[in-house]
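Asker: Sequence first, then the predicted structure, then my questions.
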Amino acid sequence: MGLPTGALSTGRPSRRARICYSAARVLVEPPIRRYLTSERDKPVSDRLSFLGRGVRNLSRLQRVRPFRGFRFDRHTTGAVTVETVRAPGCVAPMSDGVVLYFHGGGFFCGNLDSHLHVVARIARLTNLPVVHVDYRQHPEVAIDMSIQDCVDAYRWLLEEGVSPTRVVVAGDSAGGFLAFATLIAGQRNGLAVPAGVIGISPLLELDSLARKSHENFRRDPFGVASALPLIVECVHPAQADVDDLSPLNADLKTLPPALIIVAESEVLRCDVERMCEGLTAAGRQCTVQSWPHQLHAFPALLPFLPESRAVFESMTTFIETCLANSSPSSSMGVG
């Protein structure tokens, strides 16, 4: 399976991107594979919990960075905390337009701190408030409750008086999964779809069967192919069918315009290709950008790359277009 018709494959990678890519093949993928697959006394679930605590503790250093002029407001709705981030000079109310962002981290290690630089950049480029969601993760909850937290955050926005036509939902990696899953679960709960959705290297199916036959299964330089089945086994609900939670298996006929960013060699390109084909077959708008010689979720992990800056600029254009084209009559609710 190749890129869907109409997908964009970008040009030659920068020198910095090539260096990071080569380094990841040597320094990142082997340790990840060994840590998760080697025979150890601790089960994988405990290893993920340990790794998650370490990443979250290190992420606190993000708050040390100077975000001069930025405004941060936290609210709690139900079991979830949201942080609204406004760039210097942003005085627009959320009703004028807002980005709802779900951080990545494999459902076990991201938080508001780990992706603060991503949210801040989106806020600065769009001059819109960005609502960052601190959804619960493993080991506290399984994926179904992470999805519920994200739905609750979206519902909170609507209850605050924001029209769904003024919301663009976005996320990277596991957060990309949650972005699409939130739209689908939200509709099942009677919530209207937002103006658009963005996925950066999104996981879109929990079952790894299709990925095993993809050309990138053994090519992925970041170890995602090896890690994903083990992570999903730990974080999915024990009594739930993973197919029922996967956005790829849902009815896609009412989803809004989608922009999906993916690294050309990562294994999740399989998910992206299939989602784009599904959305196109359902008559929905989907734009895919496939970036050669890049790593999984590179705009979030390597924001200093020129390619990452280009991605954020294209996201900004997409957000502006979605909000400009939206109107109250364009939202599609259910029930």
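Answerer: Happy to help now that I have it.
Asker: State the number of residues packed around the closest residue to G283 other than its chain neighbours.
Answerer: Once flanking residues are discounted, G283 sits nearest to K253: 7.0 Å by Cβ to Cβ, 6 or more residues apart in numbering. The way it works is simple: take the backbone N, C-alpha and C, and place the C-beta from them, glycine included. By other Cβ atoms under 10 Å, 12 other residues sit near K253.
Asker: mind starting the numbering at 515 from now?
Answerer: I'll keep to 515 as the first residue from here, and by that count the last item is K767.
Asker: okay but K767 is in contact with T794, surely?
Answerer: No. Taking contacts as Cβ atoms under 8 Å, K767 lies outside contact range of T794: 11.7 Å.
Asker: quick one: the strands in this structure?
Answerer: Here the chain has its strands, by DSSP state E, at 522-523, 585-591, 594-600, 612-616, 644-648, 681-686, 710-714, 772-777, 800-805.
Asker: possible to save those strands as a markdown table with mean pLDDT?
Answerer: Listed next are these as a markdown table, based on pLDDT from 0 to 100:
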| stretch | mean pLDDT |
| --- | --- |
| strand 522-523 | 55 |
| strand 585-591 | 95 |
| strand 594-600 | 97 |
| strand 612-616 | 98 |
| strand 644-648 | 98 |
| strand 681-686 | 98 |
| strand 710-714 | 98 |
| strand 772-777 | 97 |
| strand 800-805 | 95 |
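Asker: Dump those strands to JSON lines, plus distance to F818.
Answerer: Compiled in JSON lines, those are given as follows (distance: least, Cβ to Cβ, whole Å):
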{"stretch": "strand 522-523", "distance to F818": "23"}
{"stretch": "strand 585-591", "distance to F818": "23"}
{"stretch": "strand 594-600", "distance to F818": "20"}
{"stretch": "strand 612-616", "distance to F818": "20"}
{"stretch": "strand 644-648", "distance to F818": "20"}
{"stretch": "strand 681-686", "distance to F818": "16"}
{"stretch": "strand 710-714", "distance to F818": "16"}
{"stretch": "strand 772-777", "distance to F818": "16"}
{"stretch": "strand 800-805", "distance to F818": "15"}
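Asker: Out of those, which gets nearest to R669?
Answerer: Nearest of the strands of the chain to R669, taken as Cβ to Cβ: strand 585-591 at 7.9 Å.
Asker: Would you mind getting the angle between that closest one and strand 594-600?
Answerer: Strand 585-591 runs at 160 degrees relative to strand 594-600, counting by axes from the mean of the first three to the mean of the last three Cα atoms, to 10 degrees.
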